[in-house]
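1. Below is the sequence, then the predicted model.
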2 protein chains.
Amino acid sequence: MTGIKDVAREVEMSTATVSRALRNLPGVSEETRARVRETARRLGYVPSPSAAGLATGQTRTVAVVVPFVTQWFFAAVVQGAEEVLRERGYDLLLYNLAGDASARHRVFETNLLTKRVDAVLVLSLKPSSDELDRLVHLDRPVTIVGADLPGWATVRIDDELAARTAMRHLLDLGHRRIGYVGGTTEGVLDFTAPTARLAGYRDSLTAAGVEREPALEVDGDFTMTGGMRAARELLDRPDPPTAVFAASDEMAIGVLRIARELGLRVPEDLSVIGIDDHELADFFDLTTVAQPVHEQGRVAAQQVLAAMRNDEWKPEQVVLPTELVVRRTTAAPASGGGTPGR
Amino acid sequence: MTGIKDVAREVEMSTATVSRALRNLPGVSEETRARVRETARRLGYVPSPSAAGLATGQTRTVAVVVPFVTQWFFAAVVQGAEEVLRERGYDLLLYNLAGDASARHRVFETNLLTKRVDAVLVLSLKPSSDELDRLVHLDRPVTIVGADLPGWATVRIDDELAARTAMRHLLDLGHRRIGYVGGTTEGVLDFTAPTARLAGYRDSLTAAGVEREPALEVDGDFTMTGGMRAARELLDRPDPPTAVFAASDEMAIGVLRIARELGLRVPEDLSVIGIDDHELADFFDLTTVAQPVHEQGRVAAQQVLAAMRNDEWKPEQVVLPTELVVRRTTAAPASGGGTPGR
DNA sequence: GGTCATAACGGGAGCGCTCCCACTCCGGGC
DNA sequence: GCCCGGAGTGGGAGCGCTCCCGTTATGACC
């Protein structure tokens, strides 16, 4: 394996100069730099990240901790982050928790991350206070995507606002009986989005002078099949809602499916709206509140890169905009907001 | 930052013993080992991968090169691989090509991978001969997932067989006019699956004594929207097929959508079958030929791990089984195999 | 008691870089 | 002619581990 010494010998220079030349540091004549580069290429020299890391204390690697890579949302964020990291020559170490508590434990508790990465991106998880402790001790830039955590660098959307946007759309259309399909905050993964979106739902009702009906709030588990379950629960009632607001597009799609099975026409008999602008939303003509997914990954990556460049960097809280995308699953209720004829 | 020396000083032993104790190497009394472990834990000692890597030449990291993380199939494979790698204490470096030729070039040509990872997993790409050269020079275990490449370690399904399984199902039901929705092999990413599946389609027709009709083979780009385009082309014909075999579930779902738009009943007027058993297949009641996605990632990871453990390991070609999953999008043609009444 | 495995541990030379601190050389200003 | 500053370069310590050889203690065995 050719090392820096081989290159140095070949160009009859010191390893110090070769190192400087290859890393574009000043203090090397252009002519020498060119010769070094050419020789390195010819010899197929590749610097050892381990050695460089040992010497500098930097690994040019950032860790991304994700709950489930298989979910479109997370994969898209990862993709965004990877793009900008690669541009800057950083590698991306993927830690997929996959709903496994022990995996989560391992990644956070044993500070495996230490000395291994220069920065950490945490997706949609609200770390426990223990975990936050570990992250603090890392003493490396950390950015949380998709969760609101005061004092930390975060990139997210305003979930409550997104929920209110969706609700306003339904309310403006004249709906008053509006079902909510959300998810619990419990379990291995503590997202903050569910809570905020639920709050947005409730506030909107209150603001519109509609009395809240607990039975219209059901758990959809943030999955399609969960959305189906929730939809059955909502629509099998004697007094079903005229519209359903699902806290995610995937659940909304589940609702659509059940509506169709029950013979309900969408949007005539039932309006459905989601949040995300999932890649399938267009396919299903789903009205939704779009959030910039890919972009959140990019911004988060840029954030940690910036933090690594200057030490005075202070945690920023970036809130990206959302936008109502009206497609064809929402319309005014048939009977002016009352129970639709079935 | 506490290093191995600090631990050594604390337990009044040499760094050598601490190193051995912590890595469960023989030659350390159980009592010492326990003391070392306890002390290391107490001091919050975490070994530096850079230093260890420099000394051993191993990084305990494997690279995974993937065309698009955002596609369910790839994400699922990555998830499978990550699982077994994490179990063994290996980290996973993700290289997402995202259809970007320059990214691909960078990953392969500049052998960035060298000295950075102990092994490489390549997903669904058929590396060019140049790229294979680089991989050979890596001199590290490489496994290709989802492509057939003689002489290389591969994990895949028998794509041609899968296609024949799908076709047999349709033929057995009595279909004779069967459309094919596939994809081209061109472009940045050269998968081998499209070619093999097309071959399976053609062979099946020939074997069944049905004459091939080029107009029934259309390009669906392996995406839902591509599947929609393809479906329009196929079903708008004066003599539409009674069944469509899509080379992927996503395209099949696109076909379903268009069929519904055109007022065709599935499966009465049109049978549709796919390949993959995508997470959405169940949702759409799609008949398909299932392939073990997650498992392919696991097996591939196990393969490189095995290869790293013993040097005599020879490239293995693992072919995982597929299975017909009959749901509700396939049935006998209405008019015994002829053109359905429309 | 002497010999000799064997178990347990220590010393210290690397691993391949980076980076601090020289050192040399050369041209301009006085 | 001398001094000085800056550009270009070299020497070599050190980053934090691993691992090859020692060395020492401990018993078993004759």
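-> All right, it came through fine. Predicted, not measured: the structure shown is a model, and the values here were computed from it. Numbers count the residues shown, from 1 in each chain, chains lettered A, B, ... in the order given.
2. which stretches of chain A form helices?
-> Taking DSSP state H as the criterion, chain A carries its helices at A:4-11, A:15-22, A:30-43, A:49-56, A:72-87, A:101-108, A:129-138, A:159-173, A:193-207, A:224-235, A:249-261, A:279-284, A:293-309.
3. and chain A, what are its domains?
-> Listed by automatic domain parsing, the domain ranges of chain A are A:4-47, A:58-157+A:293-320, A:159-292.
4. weakest of the ones you listed by average pLDDT?
-> Among the domains of chain A, domain A:58-157+A:293-320 carries the lowest mean pLDDT, a mean of 90.
5. Between the two ends of it, how far is it?
-> For domain A:58-157+A:293-320, the first-to-last residue distance is 30 Å (C-alpha to C-alpha, to the nearest Å).
6. ok, now stretch A:318-328?
-> Distance between the two ends of stretch A:318-328: 31 Å, counting by C-alpha to C-alpha.
7. And the residue of the stretch 151-300 of chain A closest to DNA strand D?
-> Using C-beta to the nearest atom of the strand, the single residue of the stretch 151-300 of chain A nearest to DNA strand D is A:Ala153, 26.2 Å away. Placement of C-beta: from N, CA and C, glycine included.
8. how many other residues sit next to A:Thr56?
-> As a burial measure, A:Thr56 scores 10 neighbours (other C-beta atoms under 10 Å in any protein chain shown).
9. And A:Thr242, by the same measure?
-> With other C-beta under 10 Å as criterion, A:Thr242 counts 26.
10. cool, and A:Glu217?
-> Count around A:Glu217 with other C-beta under 10 Å applied: 16.
11. just to revisit the earlier point, for the helices of chain A, give me JSON lines that also has distance to DNA strand D.
-> Shown next, in JSON lines, are the helices of chain A (distance: least, C-beta to the nearest atom of the strand, whole Å):
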{"stretch": "helix A:4-11", "distance to DNA strand D": "7"}
{"stretch": "helix A:15-22", "distance to DNA strand D": "3"}
{"stretch": "helix A:30-43", "distance to DNA strand D": "4"}
{"stretch": "helix A:49-56", "distance to DNA strand D": "4"}
{"stretch": "helix A:72-87", "distance to DNA strand D": "24"}
{"stretch": "helix A:101-108", "distance to DNA strand D": "19"}
{"stretch": "helix A:129-138", "distance to DNA strand D": "15"}
{"stretch": "helix A:159-173", "distance to DNA strand D": "41"}
{"stretch": "helix A:193-207", "distance to DNA strand D": "39"}
{"stretch": "helix A:224-235", "distance to DNA strand D": "45"}
{"stretch": "helix A:249-261", "distance to DNA strand D": "44"}
{"stretch": "helix A:279-284", "distance to DNA strand D": "44"}
{"stretch": "helix A:293-309", "distance to DNA strand D": "18"}
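12. Make CSV out of the ones you listed and add distance to A:Gly182.
-> Below are the helices of chain A laid out as CSV (distance: least, C-beta to C-beta, whole Å):
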stretch, distance to A:Gly182
helix A:4-11, 57
helix A:15-22, 54
helix A:30-43, 56
helix A:49-56, 44
helix A:72-87, 16
helix A:101-108, 22
helix A:129-138, 24
helix A:159-173, 9
helix A:193-207, 5
helix A:224-235, 8
helix A:249-261, 8
helix A:279-284, 18
helix A:293-309, 19
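13. can you tell me which of the ones you listed comes nearest to chain B?
-> In terms of C-beta to the nearest C-beta, the element of these nearest to chain B is helix A:49-56, at 3.5 Å.
14. Can you name every helix or strand that the closest one contacts?
-> helix B:49-56 (3 or more C-beta pairs under 8 Å, 6 or more residues apart in numbering or on different chains; DSSP states H and E).
15. From the chain's centre, how far out is the helix it packs on? Work that out for me.
-> In this view, helix B:49-56 has its centroid 31 Å away from the chain centroid, taken as C-alpha atoms, centre = their mean, to the nearest Å.
16. now the angle between helix A:49-56 and that helix, please.
-> Using axes from the mean of the first three to the mean of the last three C-alpha atoms, to 10 degrees, the direction of helix B:49-56 lies 120 degrees away from that of helix A:49-56.
17. Would you tell me whether helix B:49-56 gets close to DNA strand C?
-> Yes. Where contact is defined by C-beta under 7 Å from any atom of the strand, part of helix B:49-56 touches DNA strand C, namely B:51, B:54-55.
18. okay, the angle between that helix and helix B:4-11?
-> 90 degrees.
19. could the domains of chain A go into JSON lines alongside distance to B:Val210?
-> Shown next, in JSON lines, are the domains of chain A (distance: least, C-beta to C-beta, whole Å):
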{"stretch": "domain A:4-47", "distance to B:Val210": "54"}
{"stretch": "domain A:58-157+A:293-320", "distance to B:Val210": "38"}
{"stretch": "domain A:159-292", "distance to B:Val210": "32"}
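20. still on that earlier bit, ok, the residue of the stretch 151-300 of chain A closest to DNA strand D - contacts?
-> By C-beta atoms under 8 Å, 6 or more residues apart in numbering or on different chains, the residues touching A:Ala153 are A:141-144, A:303-304, A:307, A:315-317.
21. From those residues, which land in strands?
-> Among these, the ones falling in strands (DSSP state E) are A:142-144, A:317.
22. Adding distance to A:Thr61 and neighbour count, write these out as TSV.
-> Listed next are those as TSV, based on distance: C-beta to C-beta, whole Å; neighbours: other C-beta atoms under 10 Å in any protein chain shown:
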residue	distance to A:Thr61	neighbour count
A:Val142	14	26
A:Thr143	15	26
A:Ile144	19	27
A:Gln317	25	14
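23. Counting neighbours, which of the residues of helix B:49-56 next to DNA strand C comes out on top?
-> Counting neighbours by other C-beta under 10 Å, the top entry in those is B:Leu54, with 19 neighbours.
24. And the residue nearest to A:Val244 when sequence neighbours are not counted, how close does it get to A:Ala231?
-> Using C-beta to C-beta, 6 or more residues apart in numbering or on different chains and skipping the chain neighbours, the partner closest in space to A:Val244 is A:Gly179 (4.4 Å). In this structure, A:Gly179 and A:Ala231 are 8 Å apart, going by C-beta to C-beta, to the nearest Å.
25. Could you check which of these two is surrounded by more residues?
-> Taking neighbours as other C-beta under 10 Å, A:Gly179 and A:Ala231 compare with A:Ala231 leading, 30 against 27.
26. still on that earlier bit, overlap of the contact sets of A:Gly179 and A:Ala231?
-> With C-beta under 8 Å, 6+ apart, A:Gly179 and A:Ala231 have common neighbours A:Val244.
27. Would you mind listing what in chain A touches DNA strand C?
-> Within chain A, the positions lying close to DNA strand C (C-beta under 7 Å from any atom of the strand) are A:1, A:3-5, A:15-16, A:19-20, A:22-23, A:45, A:47-48, A:51-52, A:54-56.
28. Counting neighbours, which of the residues you listed end up buried?
-> Among those, those scoring as buried are A:3-4, A:19-20, A:22, A:45, A:47-48, A:51-52, A:54 (criterion: 16 or more other C-beta atoms under 10 Å in any protein chain shown).
29. of the domains of chain A, which approaches B:Glu131 most closely?
-> domain A:4-47 (15.3 Å; C-beta to C-beta).
30. which residue packs closest to whatever residue of the stretch 101-250 of chain A ends up closest to DNA strand D, ignoring adjacent ones?
-> Taking C-beta to the nearest atom of the strand, DNA strand D has its nearest neighbour within the stretch 101-250 of chain A at A:Lys115, 7.4 Å off. Spatial nearest neighbour of A:Lys115, excluding adjacent residues (C-beta to C-beta, 6+ apart): B:Ser48 at 4.6 Å.
31. Name all residues that make contact with that neighbour.
-> When contacts are counted by C-beta under 8 Å, 6+ apart, B:Ser48 touches A:54, A:115, B:3.
32. which among those gets closest to A:Val69?
-> The shortest gap between A:Val69 and any of the contacts of B:Ser48 belongs to A:Lys115, at 24.4 Å (C-beta to C-beta).
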